[in-house]
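**Q** Here is my input, please return the structure:
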Amino acid sequence: MKATGIVRRIDDLGRVVIPKEIRRTMRIREGDPLEIYTDRDGEVIFKKYSPMGELGSFVGELAEALSRTAGLSCAICDRDAVIAAAGGAKKDVFEKTIGADFEALMEQRHIYEHHGSDQSVSMSGNDPYHVIVAAPIITEGDVSGCVAFLSEDAGTEANEVETKLSQTAASFLSRQMTM
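**A** Here you go, the predicted model:
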């Protein structure tokens, strides 16, 4: 654990303000859920809660099945990082933080399909894979993640099969998180 040197007081309602610099660095937005942990030494630890992370190995198996069916790499992410990946891109994107361009793509709340003349988008901004199709996972009105197919070739275009697969998987994961 890393000390920041910042000290905050608890108010009369038990609230603590997390400094803006820390919220920005840790990508904590207004309304984001935080999980609270304690340990025997009296430490209180706040951790960003990812409902997608609760699905555990299930998302990894889904990514594997999607990748085999489409013949492309597949990545499933929450709002911050890739939580499951399959295919050739797995070692390059798994557990990597998503880039600003991909985050903006998710926030548009519609399925993205890459066409040859479009500028390509990568998951993290510095990996060699290009997003072919991306379907946002929308849970209770909020974007909670994304299902994406990736290719090393920036010229690979989206087709109906990948679009329908990603859309179906995103819809399915959305329902799993509301159960």
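**Q** Just the terminal-to-terminal distance for stretch 119-126.
**A** Stretch 119-126 has an end-to-end distance of 15 Å (CA to CA, to the nearest Å).
**Q** same question for it, mean pLDDT?
**A** For stretch 119-126, mean pLDDT is 83.
**Q** same deal with stretch 79-95?
**A** 91.
**Q** Alpha carbons only: can I get it in CSV?
**A** This file holds the C-alpha atoms of stretch 79-95, laid out as CSV (Å, rounded to 0.1, in the frame of the first residue of the first chain):
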residue,chain,number,x,y,z
ARG,A,79,-15.3,0.2,-17.5
ASP,A,80,-11.6,0.1,-16.6
ALA,A,81,-9.8,-3.0,-17.8
VAL,A,82,-10.0,-6.1,-19.8
ILE,A,83,-11.3,-8.9,-17.5
ALA,A,84,-11.4,-11.7,-20.0
ALA,A,85,-9.7,-12.4,-23.4
ALA,A,86,-9.3,-15.2,-25.8
GLY,A,87,-7.5,-15.9,-29.1
GLY,A,88,-4.1,-14.4,-30.2
ALA,A,89,-4.7,-11.1,-28.4
LYS,A,90,-5.1,-12.6,-24.9
LYS,A,91,-1.5,-12.1,-23.8
ASP,A,92,-1.5,-8.5,-25.1
VAL,A,93,-4.8,-7.2,-23.8
PHE,A,94,-5.8,-9.3,-20.8
GLU,A,95,-5.9,-7.3,-17.5
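**Q** in it, what's buried?
**A** For stretch 79-95, the buried set under the neighbour-count rule, 16 or more other CB atoms under 10 Å, comprises 79-90, 92-94. Every C-beta, even on glycine, is put in place using the N, C-alpha and C of the backbone.
**Q** now the helices for this protein?
**A** 20-25, 57-70, 90-93, 100-107, 160-178 (DSSP state H).
**Q** With respect to D127, which of those lies nearest?
**A** Closest to D127 of the helices of the chain is helix 90-93 (CB to CB; 4.7 Å).
**Q** List of residues touching the closest one?
**A** Residues external to helix 90-93 that are found in contact with it (CB atoms under 8 Å, 6 or more residues apart in numbering): 73, 75, 82, 85, 123-124, 127-129, 150.
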